[in-house]
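> the sequence and its predicted three-dimensional model are supplied below.
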Amino acid sequence: MVIRRIDRRTVPDTVFEQLVDEVLDGELAPGAALPAERALAEALGVSRPTVREALQRLAHTGLVEVRQGGSTTVRDYRRHAGMDMLPRLLVRQGEIDPAVIRSILETRLVLGREVAGLAAERAGARLTAELGAALEALAAQPDPITQQITAMAFWDHLVDAADSIVFRLLYNDLRAVYEPALAALAGLMAAEVSQVERYRAVADAVIAGDGATARATAESLLSLAAQQFDTVLGQVRTP
């Protein structure tokens, strides 16, 4: 474990950020015991209350277990952390992790398929105006980044119509990760967001109230980005 002294002007967040990085990078392995508060405070050059606050924040994220009067133990983030860790996992040491991108695309496909089906079954023709306007906006956009933003508006309507708070919160978390990376993912996502007719097929099935077709067309549409990702990754790995 490499401990760096902290600039006191950025104490509140920097202690927490450093410890999070140590856990996610594997420098602090699951089951490892952190040094006592006093030792951490001295090593970091901060006060014990600052260390205590950082440890409490780590406990709230599921990264450590703080035992009253005992040691603080690192937990396996894969088993205990929540979706708030996803943005940190996406970019590690200044580089996007391809495995995390793949996981996001897979989750997006499953989520989008079910959202489209539920929207068809629970809203149907009530979405005619909203989806029609979203499709017109998508067709009018030549820029890949703007196309992504417009496509998100399309999916926003479907998520709302699906009337599932769990799906809505999952979608919010994925969108929070995805939006900052719009420019970086433009080439990858162009294979999907440029396919206005495929979006139209999803909309037609939803408006018709056909849940099965809505799920199938949504899966077909969202699989385009995943397929493009596999193609790009294969090209990168090929000598």
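Everything's here; your move.

> what's the neighbour count on the closest residue to Gly62 other than its chain neighbours?
Once flanking residues are discounted, Gly62 sits nearest to His80: 3.7 Å by C-beta to C-beta, 6 or more residues apart in numbering. (C-beta placed from N, C-alpha, C; glycine too.) By other C-beta atoms under 10 Å, 14 other residues sit near His80.

> close enough to count as contact, His80 and Val64?
No. Contact criterion C-beta atoms under 8 Å: His80 and Val64 do not qualify, at 9.1 Å.

> residue contacts, the residue nearest the centre of the chain?
Nearest residue to the geometric centre of the chain (C-alpha atoms, centre = their mean): Leu174, 3.5 Å. By C-beta atoms under 8 Å, 6 or more residues apart in numbering, Leu174 lies in contact with Leu86, Ile104, Thr107, Arg108, Leu111.

> wait, a helix at it?
Yes. Under DSSP: H, G, I helix; E, B strand; the rest coil, Leu174 sits within a helix.

> circling back to that earlier point, ok, the residue nearest to Gly62 to Leu19 distance?
Per C-beta to C-beta, to the nearest Å, His80 is found 15 Å from Leu19.

> what do you get for Ala29?
Ala29 sits 13 Å away from Leu19 when distances are taken as C-beta to C-beta.

> and if you look at Gln147?
According to C-beta to C-beta, Gln147 stands 39 Å off from Leu19.

> next one: Leu233
Applying C-beta to C-beta to Leu233 and Leu19 gives a distance of 32 Å.

> which one's more surrounded, the two?
For the pair Leu233 and Leu19, the greater number of neighbours falls to Leu19 (26 against 15), based on other C-beta under 10 Å.
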